[in-house]
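Novice: Whatever this is, show me its structure:
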Amino acid sequence: MFPIRDHNPSLSTPWVTRGIIALNLFIYLLTADWGGQMAGLWTSGALYAGEVSHGRDLIGLITHMFLHANLMHVAGNMLFLWVFGDNLEDQLGHIGFLLFYLAGGLAAAFVQIAADPGSEIPMVGASGAIAAVMGGYLLLFPRARVDILVIFIVFFKIFTIPAWIVLGLWFGLQLVNGVGADLGSGGVAYWAHIGGFVAGLLMMTPHFLRLGGPGFWGRTRGLPPHPSIDYVRTTIPVVPRRRR
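Specialist: Residues are numbered from 1 along each chain as shown. Below is the predicted model of the structure:
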């Protein structure tokens with residue numbers, strides 16, 4: 001189950017969102033482990049909490065946001081950014097959104113470092129910054145409609161549910177997994193996700209208050225302040241095929 005689109009159209013072209021997606025995909029192609037040896041850029045650009053804790057390799061605080069471990073990692077992150085990023089860029093402007101994105105990624109990294117300050121496990125991925133985007137989206141558009149794709153055994157089914165359910169469930173899963181995670185074993189940086197999401201909520205609060213705070217929700221009922229998009233719902237059967 002994962003979101004594939006929202007019903008909240010952008011009123012301007014999200015050049016920064018598209019640029020971040022393109023840059024991440026380009027860097028992934030450069031650094032992918034095509035032949036058994038990862039490119040040096042991946043290794044040197046990853047974030048090492050133990051190094052940063054001692055004031056070394058600080059560039060990794062930025063570069064790790066543009067590196068990914070595998071194709072599913074980069075594809076999943078870019079899908080979430082595609083769904084939720086354009087509306088925040090609409091609200092904050094191109095430069096404002098870029099600064100918000102980078103600040104969210106930094107906040108996420110520092111929370112992960114605080115959770116395991118001596119770790120020498122490389123951390124990569126844009127998910128901390130994207131979690132900040134998701135937190136900001138939740139504050140502004142809690143009742144925006146989001147389409148999620150649910151895969152049943154032989155069917156793909158699209159359901160439409162409010163953003164607060166999608167994002168609330170996602171954040172709850174990060175909390176549960178983060179509390180139970182063995183930080184020394186590597187894997188998903190749950191505390192980066194948690195930190196990024198909370199940072200996004202906090203950083204978006206001044207903008208939310210400028211819009212009128214709870215009064216903004218009163219006017220919009222938590223929905224986007226402009227007409228939404230409607231899509232045709234489909235159920236797509238998966239046709240079994242024999243291998244030859």
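Novice: In the helix or strand hosting residue 170, which residues are buried?
Specialist: Element membership of residue 170, judged by DSSP states H and E, is helix 163-180. Neighbour counts over helix 163-180 (16 or more other CB atoms under 10 Å) mark 163-164, 166-167, 170-171, 174, 178 as buried. For every residue, glycine as well, the C-beta is placed using N, CA and C.
Novice: Roughly how far does residue 211 sit from residue 205?
Specialist: 11 Å (CB to CB, to the nearest Å).
Novice: Just the helices from the protein, written as ranges.
Specialist: Shown for the chain, the helices assigned by DSSP state H span residues 15-31, 40-45, 49-53, 60-63, 71-92, 94-115, 127-140, 163-180, 190-210, 214-220.
Novice: which stretches of the protein have low pLDDT?
Specialist: Across the chain, residues meeting the criterion (pLDDT under 70) sit at 34-40, 184-186, 231-244.
Novice: Show the contacting residues for the one residue sitting closest to the centre of it.
Specialist: Closest residue to the average C-alpha location of the chain: residue 130 at 2.6 Å, with CA atoms, centre = their mean. Residues in contact with residue 130 (CB atoms under 8 Å, 6 or more residues apart in numbering) are 77, 80-81, 84-85, 104, 196.
Novice: let's see 6 Å
Specialist: If you count contacts by CB atoms under 6 Å, 6 or more residues apart in numbering, residue 130 has them with 77, 80-81.
Novice: From those residues, pick the one nearest residue 217.
Specialist: residue 80 (23.5 Å; CB to CB).
Novice: ok, residue 92 to residue 179 distance?
Specialist: 32 Å.
Novice: Count the neighbours of the residue lying closest to residue 106 once chain neighbours are set aside for me.
Specialist: Using CB to CB, 6 or more residues apart in numbering and skipping residues adjacent in sequence, the residue nearest residue 106 is residue 61, 5.9 Å away. Neighbours of residue 61 under the rule other CB atoms under 10 Å: 16.
Novice: Repeat that for residue 24.
Specialist: Residue 24 has 20 nearby residues by other CB under 10 Å.
Novice: What residues does it make contact with?
Specialist: Contacts of residue 24 by CB under 6 Å, 6+ apart are 66, 74, 126.
Novice: at 8 Å instead, please
Specialist: Contacts for residue 24 (CB under 8 Å, 6+ apart) come out as 66, 68, 74, 77-78, 126.
Novice: Equivalent analysis for residue 118, please.
Specialist: 49-50, 53.
Novice: where's it relative to residue 93, distance?
Specialist: Counting by CB to CB, the gap from residue 118 to residue 93 is 39 Å.
Novice: Is residue 201 in contact with residue 140, as I believe?
Specialist: No - using CB atoms under 8 Å as the test, residue 201 is too far from residue 140 to be in contact (10.2 Å).
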